[in-house]
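Q: next comes the sequence, and after it the predicted model I'd like to discuss.
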Amino acid sequence: MAISVPSRSLTLPRPRRRHVRSTLPGVIAVILLLVLWIVVKYGGHVSDQALPKPLDVVHDGWSSRSALLDAARHTLVGALGGFLLGNVLAVAAAVLIASSRLAARLLVPLALTASTLPIVAIAPFLTLLLGNGTTTIVVVAAIIIFFPTMVNGVLGLRSVPPDALELMQMAGASWFDVLLRVRLPTALPFIFSGLQVGSATCILGAMVAEWVTTGTGLGYLILQAGVQFEVPLMWAGVILASVLALIVFAITGWIARRVIRGAPGDAVAGR
Amino acid sequence: MSRRRVIALASSGTVWLVLLGVWWLLSALNTDPGTLWPSPPRVLSTLWDGRSAYWENAEATIREALAGFLGGVALALAVGLVSERFRSVSGALQRLAVAVYSLPLIALAPILVLWTGTGFTTKALIAGLACFFPVLINLTQALRTTDRNALELMRVSGASRWQSFWRLELPAALPSLFAAFTVAAPAAIVGALLAEWVGAERGLGIELLFSMQNYDIAQLDGTLIVISALSLLSWTFFTLLGRRLFPWHPSLRSIVVVEA
């Protein structure tokens, strides 16, 4: 991988072609889905309730755009707040675990167990504990992102080459210097490889928590539109939520590729 | 049992005991009737008294999750293996799968409810969707990263494409597949729970929601305990099975072992 870096900077068109190659399947998939939608709708004479007309979805979505955007804003605030809070806490915990054997012994088994538990299931409990507000949404999203970031962070902080540590020690660097200049930079690619999938689960977590908690946001809007049989609006909500998730996914992916630069391991599946 | 293992078990046991102690302390400090912290014995007795209802709900959820898991895994295997036959497609498919996995699939639940009602099918479908993508992503990733030298060796010794697939690529992908199962099995349970939130007659998800709305904290805690136990059980099952089948594989080294 290290060899490919200079060649990439020498031949300019290459990143562009890569870019096309990575977005092309997505574009094809979207077009195929749209074609499939139209074919099934008009070829199979499906009722409007099962599958609304694409133009109806656009129309209803546009006429309720303020409600949709407001809901999207609520969801994004909850997801982003949780994303920031969860990641900051997770990196702090990872530093603690990587630098203290006792902390590792106590916290790692706990974290591993907790990460297998269905986090969204505690949303009802958190609602009673923290109230019907944005706090609950943020906390649910934060818990969801916490474990993947922490585990990847610990792995990354520990994978520093011993030579680098020795060099820093000989140069008389303090513990904090080592952390800031060697350990964290080494850990970043590991953390980011998990973040690409994790960032989208924050949106999912926020939406799901909104179902039971605040009665705001895209998750609630979709559910409510479904219950009231406003089918085109429901589809508009689902499409908007998907677009949001894809945008967040693309942004974290873009950042991750810049941070990782050929580090091992692609996005690992895991919620 | 080695000394290191004893220490590891003792320390994680201590943490759980401390957490239990904190819970007990909180319940001792908050004894008013509407408390958010019913004492552990009270939750246990709620669990025991309502055991037939808990079992009935758990059974419904388990069946939905199991059907979803089997269906999702079968579909992921089929898609992954077929796309593997066409190399040029599998790369694009994997990128696509990772992107689709980032979509809030659970948001599809209301649509599926309109299509198939609030019955068993919807729940199994959502549970299946929840575990389809982790399995597909890990499988295609593993198949694509088969050891180049081993592949070369197969080709040099005259193995057909089919033989090298059955004898090399698939066995080499199995550990990753089991790692994916440890993610997919709890995901199927989450999928089933969330699907029940949209509408269900029975199930742990709907019990969770009801006990929140009725402010029955002891029942809520009991349901959480049952759900956590199920989730842990499914995870432990595939982790232990994977460790037993492929003890040599690096993906099974936990971060605790790396540290010690």
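A: Noted; the coordinates are in hand.

Q: how about low-confidence regions in the stretch 101-250 of chain B?
A: B:249-250 (pLDDT under 70).

Q: for the helix or strand that contains B:Ala173, buried residues please.
A: Following DSSP states H and E, one finds B:Ala173 within helix B:170-198. Buried residues in helix B:170-198, counted by 16 or more other Cβ atoms under 10 Å in any protein chain shown: B:170, B:172-173, B:175-198. Every residue, glycine included, has its C-beta placed from N, CA and C.

Q: please apply the same query to stretch B:157-167.
A: For stretch B:157-167, by 16+ other Cβ under 10 Å, it's B:Ala159, B:Ser164, B:Phe165.

Q: kindly list the longest helix within chain A.
A: helix A:65-99 (DSSP state H).

Q: residues of stretch A:209-224 that come out buried?
A: A:209-214, A:216-224.

Q: with stretch B:100-110 instead?
A: Applying 16+ other Cβ under 10 Å to stretch B:100-110 flags B:Val100, B:Tyr101, B:Ser102, B:Leu103, B:Pro104, B:Leu105, B:Ile106, B:Ala107, B:Leu108, B:Ala109, B:Pro110 as buried.

Q: against chain A, how distant is the residue nearest the centre of chain B?
A: Nearest to the mean C-alpha position of chain B, by Cα atoms, centre = their mean, lies B:Pro186 at 1.8 Å. B:Pro186 is 5 Å from chain A, where distance means Cβ to the nearest Cβ, to the nearest Å.

Q: tell me the phi and psi of B:Ala159?
A: In terms of degrees, to the nearest 10, the main-chain angles of B:Ala159 are phi -70, psi 140.

Q: residues contacting it?
A: B:Arg167, B:Leu168 (Cβ atoms under 8 Å, 6 or more residues apart in numbering or on different chains).

Q: helices along chain B, start to end?
A: B:3-29, B:40-49, B:51-85, B:87-101, B:109-116, B:120-144, B:148-156, B:161-164, B:170-198, B:204-213, B:217-245, B:255-259.

Q: in CSV, list those along with distance to A:Leu85.
A: Shown next, in CSV, are those (distance: least, Cβ to Cβ, whole Å):
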stretch, distance to A:Leu85
helix B:3-29, 21
helix B:40-49, 29
helix B:51-85, 30
helix B:87-101, 23
helix B:109-116, 27
helix B:120-144, 25
helix B:148-156, 43
helix B:161-164, 48
helix B:170-198, 21
helix B:204-213, 23
helix B:217-245, 22
helix B:255-259, 23
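
Q: which one of the ones you listed lies nearest to A:Phe229?
A: Of all the helices of chain B, it is helix B:109-116 that lies closest to A:Phe229, at 8.1 Å by Cβ to Cβ.

Q: next, the buried residues of that closest one.
A: Of all the residues in helix B:109-116, those buried under the rule 16+ other Cβ under 10 Å are B:Ala109, B:Pro110, B:Ile111, B:Leu112, B:Val113, B:Leu114.

Q: is the fifth one in contact with A:Leu223, as I believe?
A: Just to be clear, that refers to B:Val113. No: using Cβ atoms under 8 Å, B:Val113 is not in contact with A:Leu223, being 9.5 Å away.

Q: now A:Arg181: how far from chain B?
A: 23 Å.

Q: A:Gly226 now?
A: Distance from A:Gly226 to chain B, by Cβ to the nearest Cβ: 3 Å.

Q: which residues are in contact with that residue?
A: A:Met234, B:Pro110, B:Ile111, B:Val113, B:Leu114, B:Val198.

Q: closest to B:Ile137 among those?
A: Closest to B:Ile137, out of all of those and judged by Cβ to Cβ, is B:Ile111, at 23.3 Å.

Q: ok, now which ones touch the spatially closest residue to A:Thr186 that is not a sequence neighbour?
A: Spatial nearest neighbour of A:Thr186, chain neighbours left out: A:Val160 (4.8 Å); criterion: Cβ to Cβ, 6 or more residues apart in numbering or on different chains. By Cβ under 8 Å, 6+ apart, the residues touching A:Val160 are A:Val182, A:Arg183, A:Thr186.

Q: before we move on, back to that, common neighbours of B:Val113 and A:Leu223, please.
A: B:Val198.

Q: returning to what we had before: not counting its neighbours along the chain, what's nearest the residue nearest to the centre of chain B?
A: B:Pro186 sits nearest to B:Ser231 (Cβ to Cβ, 6+ apart), 4.5 Å away.

Q: residues near that neighbour, how many?
A: 23 (other Cβ atoms under 10 Å in any protein chain shown).

Q: surely it is in contact with A:Leu117?
A: Yes: here B:Ser231 reaches A:Leu117: they are 5.5 Å apart, a contact under Cβ under 8 Å.

Q: anything in contact with each of those two?
A: With Cβ under 8 Å, 6+ apart as the test, B:Ser231 and A:Leu117 both reach B:Pro186.

Q: just the pLDDT for A:Pro6.
A: pLDDT recorded at A:Pro6 is 33.

Q: who in the stretch 1-150 of chain B is up against chain A?
A: B:7-8, B:11-12, B:14-16, B:19, B:36, B:92-93, B:95-96, B:98-111, B:113-115, B:133-134, B:137-138, B:141 (Cβ under 8 Å from any Cβ of the partner chain).

Q: please repeat the previous calculation with a cut-off of 6 Å.
A: Within the stretch 1-150 of chain B, the positions adjacent to chain A are B:11-12, B:15, B:36, B:92, B:95-96, B:98, B:102-104, B:107, B:110, B:134, B:137-138 by Cβ under 6 Å from any Cβ of the partner chain.

Q: number of nearby residues for the residue nearest to A:Phe190 when sequence neighbours are not counted?
A: Distances taken as Cβ to Cβ, 6+ apart place A:Gly156 nearest to A:Phe190, at 3.1 Å, with adjacent residues excluded. Neighbours of A:Gly156 under the rule other Cβ under 10 Å: 25.

Q: same thing with A:Ala92?
A: Count around A:Ala92 with other Cβ under 10 Å applied: 12.

Q: if I look at it, how far off is chain B?
A: 17 Å.

Q: tell me the pLDDT of that residue.
A: Looking at A:Ala92, the pLDDT reads 92.

Q: how close does it sit to A:Gly86?
A: When Cβ to Cβ, to the nearest Å is applied, the distance between A:Ala92 and A:Gly86 equals 11 Å.

Q: which elements pack onto the longest helix of chain A?
A: If contacts are counted by 3 or more Cβ pairs under 6 Å, 6 or more residues apart in numbering or on different chains; DSSP states H and E, helix A:65-99 sits against helix A:101-116, helix A:134-158, helix A:184-212, helix A:217-227.
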